[in-house]
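A.B. asks: Turn this into a structure:
(chains A and B)
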Amino acid sequence: MLHVENLTASIGDKQILKGLDLDVGDGEVHAIMGPNGSGKSTFAHALAGREGYEIGGVATFDGEDLLAMDPEARAAAGLFLGFQYPVEIPGVNNMYFLRTALNSVRRARGEDEIGARDFLAVAKEAMALVDMKPDFLDRAVNAGFSGGEKKRNEILQMAVMQPRLAVLDETDSGLDIDALRVIAGGVNALRSPERSMIVITHYQRLLDYIKPDFVHVLVDGRIVESGDHTLALHLEGHGYADFLNTDLNAAPDRPLAGTPS
Amino acid sequence: MSETRSEIERLTSAGYQYGFTTELDTDIAPPGLNEDIVRLISAKKDEPEWLLEWRLSALEAWKQMEQPDWAKLNIAPIDYQSISYWAAPKKKPVLDSMDDVDPEIRAMFDKLGIPLHEQKLLSNVAVDAIVDSVSVTTTFKETLAEAGVIFCSFSEAVHDHPDLVREHLGSVVPVRDNFFAALNSAVFSDGSFCYIPAGVRCPMELSTYFRINSQNTGQFERTLIVAEDDSHVSYLEGCTAPQRDENQLHAAVVELVAKDRAEIKYSTVQNWYPGDENGVGGIYNFVTKRGRAHTDAKISWTQVETGSAITWKYPSVILQGDRAIGEFYSVALSNQRQQADTGTKMVHIGKDTSSTIISKGISAGRGQNTYRGLVKVLRTAENARNYTQCDSLLLGKDCGAHTVPYIEVKHPSAQIEHEASTSTVGEDQLYYCRQRGMTEEDAMSMIVNGFCREVFNELPMEFAVEAQRLLSVSLEGSVG
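C.D. replies: Numbers count the residues shown, from 1 in each chain, chains lettered A, B, ... in the order given. As a prediction, this is how the structure comes out:
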């Protein structure tokens, strides 16, 4: 579904992604872990098409050149980004925002727009998934939301948009354990053989709830290690120190050393 | 980042939809302002002697005054002697029948989306249509008359209801109030008059639609609304003008009188021609609007100002009676090279008076937007309250937003709150919306409309829809 090869991203003189490779197949869940500043969020935004980066390399989505598309075209193609810092839009109510979003991608795909009544049913189902209160639809987008509400709202939007590929950027940051469970529950309910996910996180904790098929370690703009979920457990125990060493093979207890990623 | 900025510039470079001219046979006075011209205007309108005297006193006052320069506006010198102070479509409309309105004028209003045929009107709104300072027709007069409501052109009111006009004209905005008000008082040509008798709730929205058509003429309307005890009226005002290279002067005066327990809601959607992207042409909109609220009365101003090259406008409320309420809700947009210096004055005189000010300024292109407001609490105004909120939104890097609040309090019991914020439209916000599939245009329109929500909520339904559309159009570029 997603093929990324030698992806680079820089802002001005500062190169952040330095040749990132990743392949995501249908229905797969990939976790990307890495220390602060390793380029995790930049990778997410490079996929979603945020302006301001100098991008190089290849990224295709179902064979289409993702990097040539506007952000809205990527959304219409089925790419969804769950933001680490969801943006507040004062005065715009959630119901209106969500319906406009859904109808925008439907229009772009040549589908009929969804009417207010049918939409309400879709929205209610999505709200139940992440345990959102009924007054939620009348409130302004993320304005005055708690950290947990903002993150739940991202998953709710994902449930409404029904993307083919969801990139969740530190969806677990700033959440208490109960909120984490709710969100992970929502994400798991949305897993399907047709839908793939890239889950970006600092901590292994989230991966106790959302079990990934693959785990990748991102250090200094490159994926330096890939494995299954046991890699995440190793990181929990040892931190990223093993991978920060410039001479990777010199790291004493580096797991799976030498296995091709 | 520079790419995003240029995107915002592109999104905010506007096109003006109402710039067409209509060929009307027009009666125009020679340029210049002097006693003869004032006498000519008064004679053309067959006015009583007292009104001519009133005009002449205003002219004398005006001659002694200077154009105010305290606003944050860059105004090219205006030659008041090169402007024509009287222009009127020649074909005299017969006001008894809508069918007698000049077909050209009817076509013009159709083009503007303001049908003058009552049977074609879908919404419950009576319209007074004013072209180049002269009222051409007023709809739904009979229906209103049944409720005792008088809604007619100012000229008609002078003839048919002279006592009402004489009693209230200049009672809220005296001839010497300011330079532009004095000018208007001397040369005003027409406008709307409306009178709501005691205890009457006006059965429909009243609306005046202003259109400048002629070249090199100033437009000086005078609107007077009198709401007797326990009455209620909602009044709407809309304005457009053709696209021309020279600046045109519009100096109007609006006076509102809300007697005991009366309520007046006055809404404006101002879309005069703003000039082009280089600042050539456009209307100078120098307007004095003020209301006097008596005991337990309420006056509410709502304005959406998207047009004009320069806007100088401070709709105000004198809270004369005890427990009177004043409100000001404003959205002002300055795009391209537009300048707006607008706000309100709330003068608390009575006890337990309260006022609310919600101002939303939007600056785009090279626009400059200033909120200027005065909250004044006199010694007599025990327990006065004011809440002010001024929010500014900047779209792009070459525009400016300024907030100049004045607060003068003479009574220790006053409670005054002032909140202000300045934000930019967020590249973050645009990106977030686009990631959810919306185009940049839709996203921008949604964000800006969201910013204005509190004000749009105060507008009557049809007007709110119109205002949203107008704002989107004013911000849209020629994308494609």
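
A.B. asks: List the buried residues for stretch A:159-173?
C.D. replies: Buried residues in stretch A:159-173, counting neighbours by 16 or more other Cβ atoms under 10 Å in any protein chain shown, are found at A:159-172. All C-beta atoms are positioned from the backbone trio N, CA, C, and that covers glycine.

A.B. asks: Up against chain B, what does the stretch 51-200 of chain A have?
C.D. replies: A:51-52, A:70-72, A:74-76, A:80-81, A:83, A:86-92, A:96-97, A:100-102, A:104-105, A:108, A:140-141, A:157, A:161 (Cβ under 8 Å from any Cβ of the partner chain).

A.B. asks: Which of the residues you listed fall within strands?
C.D. replies: Among these, the members found in strands (DSSP state E) are A:F80, A:L81, A:I89, A:P90, A:G91, A:V92, A:A140, A:V141.

A.B. asks: export those residues to TSV and tack on neighbour count?
C.D. replies: Output for those, formatted as TSV (neighbours: other Cβ atoms under 10 Å in any protein chain shown):
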residue	neighbour count
A:F80	25
A:L81	28
A:I89	24
A:P90	18
A:G91	20
A:V92	23
A:A140	18
A:V141	28
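
A.B. asks: Those residues: which two are farthest apart?
C.D. replies: Among those, the pair separated by the greatest distance (Cβ to Cβ) is A:F80 and A:G91, at 24.1 Å.

A.B. asks: Let me know how buried residue 227 is, in neighbour terms.
C.D. replies: Going with chain A. 17 (other Cβ atoms under 10 Å in any protein chain shown).

A.B. asks: Actually, chain B is the one I wanted.
C.D. replies: 31.

A.B. asks: quick one on the thing from earlier: of the residues of the stretch 51-200 of chain A next to chain B, buried ones?
C.D. replies: A:51, A:71-72, A:74-76, A:80-81, A:83, A:86-92, A:96-97, A:100-102, A:104-105, A:108, A:140-141, A:157, A:161.

A.B. asks: At which residues are the strands of chain A located?
C.D. replies: Assigned by DSSP E, chain A shows strands spanning A:2-11, A:14-24, A:29-33, A:54-61, A:64-65, A:79-82, A:89-93, A:140-141, A:165-169, A:196-201, A:214-219, A:222-227.

A.B. asks: For B:A87, find the nearest of these.
C.D. replies: B:A87 lies closest, by Cβ to Cβ, to one member of those: strand A:89-93, at 41.3 Å.

A.B. asks: and that closest one, how far from the chain's centre?
C.D. replies: Between the centre of strand A:89-93 and the centre of its chain there are 24 Å (Cα atoms, centre = their mean, to the nearest Å).

A.B. asks: try stretch B:149-164
C.D. replies: The answer for stretch B:149-164 is 21 Å, by Cα atoms, centre = their mean.

A.B. asks: average pLDDT for it?
C.D. replies: Averaging pLDDT along stretch B:149-164 gives 93.

A.B. asks: Show me which of the buried residues of stretch A:159-173 is closest to chain B.
C.D. replies: A:M161 (7.1 Å; Cβ to the nearest Cβ).

A.B. asks: who touches that closest one in this structure?
C.D. replies: A:A75, A:F80, A:A101, A:L102, A:V105, B:R436, B:G437 (Cβ atoms under 8 Å, 6 or more residues apart in numbering or on different chains).

A.B. asks: Among those residues, name the ones in helices.
C.D. replies: A:A75, A:A101, A:L102, A:V105 (DSSP state H).

A.B. asks: Give me the neighbour count for residue 197.
C.D. replies: No chain specified, so I'll use chain A. When neighbours are counted by other Cβ under 10 Å, A:M197 registers 24.

A.B. asks: was after chain B, sorry
C.D. replies: For B:P197, using other Cβ under 10 Å, the count is 16.

A.B. asks: Return the set of residues that bridge with whatever residue of the stretch 201-350 of chain B ends up closest to chain A.
C.D. replies: As assessed by Cβ to the nearest Cβ, chain A sits closest to B:V331 within the stretch 201-350 of chain B, at 11.5 Å. As for beta bridges, B:V331 partners with B:V304, B:K360 under DSSP bridges.

A.B. asks: wait, isn't it in contact with B:E458?
C.D. replies: No - using Cβ atoms under 8 Å, B:V331 is not in contact with B:E458; the gap is 10.0 Å.

A.B. asks: And B:G400, its phi and psi?
C.D. replies: phi -140, psi 150 (degrees, to the nearest 10).

A.B. asks: Report how many residues lie close to the residue nearest to A:A31 when sequence neighbours are not counted.
C.D. replies: Setting aside the residues directly before and after it, A:A31 is nearest to A:P212 in space (Cβ to Cβ, 6 or more residues apart in numbering or on different chains), at 3.9 Å. A count of nearby residues for A:P212, using other Cβ under 10 Å, gives 22.

A.B. asks: correct me, but A:P212 touches A:T230?
C.D. replies: No - using Cβ under 8 Å, A:P212 makes no contact with A:T230, being 10.8 Å away.

A.B. asks: Quick check: neighbours shared by these two?
C.D. replies: Common neighbours of A:P212 and A:T230 (Cβ under 8 Å, 6+ apart) do not exist.

A.B. asks: Enumerate the positions of stretch B:62-80 that are buried.
C.D. replies: Quick answer for stretch B:62-80 (16+ other Cβ under 10 Å): B:W62, B:A71, B:L73, B:I75.

A.B. asks: For the residue nearest to A:A31, list the residues it contacts.
C.D. replies: A:V29, A:H30, A:A31, A:V199, A:H229, A:A232.

A.B. asks: try 6 Å
C.D. replies: By Cβ atoms under 6 Å, 6 or more residues apart in numbering or on different chains, the contact list for A:P212 reads A:V29, A:A31, A:H229.

A.B. asks: Any stretches of the stretch 1-150 of chain B with poor pLDDT?
C.D. replies: Residues of the stretch 1-150 of chain B that meet the criterion pLDDT under 70 lie in B:1-26, B:89-127, B:130-138.

A.B. asks: what packs against the helix or strand harbouring B:L470?
C.D. replies: In this structure, B:L470 sits in helix B:461-475 according to DSSP states H and E. Here helix B:461-475 touches no other helix or strand, going by 3 or more Cβ pairs under 6 Å, 6 or more residues apart in numbering or on different chains; DSSP states H and E.

A.B. asks: Send over it as PDB, restricted to the C-alpha atoms.
C.D. replies: Extracted in PDB, the C-alpha atoms of helix B:461-475 (Å, rounded to 0.1, in the frame of the first residue of the first chain):
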ATOM      1  CA  MET B 461     -31.000  34.600   9.400                       C
ATOM      2  CA  GLU B 462     -31.000  35.800   5.800                       C
ATOM      3  CA  PHE B 463     -28.400  38.400   6.500                       C
ATOM      4  CA  ALA B 464     -26.200  35.900   8.300                       C
ATOM      5  CA  VAL B 465     -26.100  33.700   5.300                       C
ATOM      6  CA  GLU B 466     -25.400  36.700   3.100                       C
ATOM      7  CA  ALA B 467     -22.700  37.900   5.400                       C
ATOM      8  CA  GLN B 468     -21.000  34.500   5.400                       C
ATOM      9  CA  ARG B 469     -21.100  34.300   1.600                       C
ATOM     10  CA  LEU B 470     -19.800  37.900   1.300                       C
ATOM     11  CA  LEU B 471     -16.900  37.200   3.600                       C
ATOM     12  CA  SER B 472     -16.000  34.100   1.600                       C
ATOM     13  CA  VAL B 473     -16.200  36.000  -1.700                       C
ATOM     14  CA  SER B 474     -14.200  38.900  -0.300                       C
ATOM     15  CA  LEU B 475     -11.400  36.500   0.700                       C
END
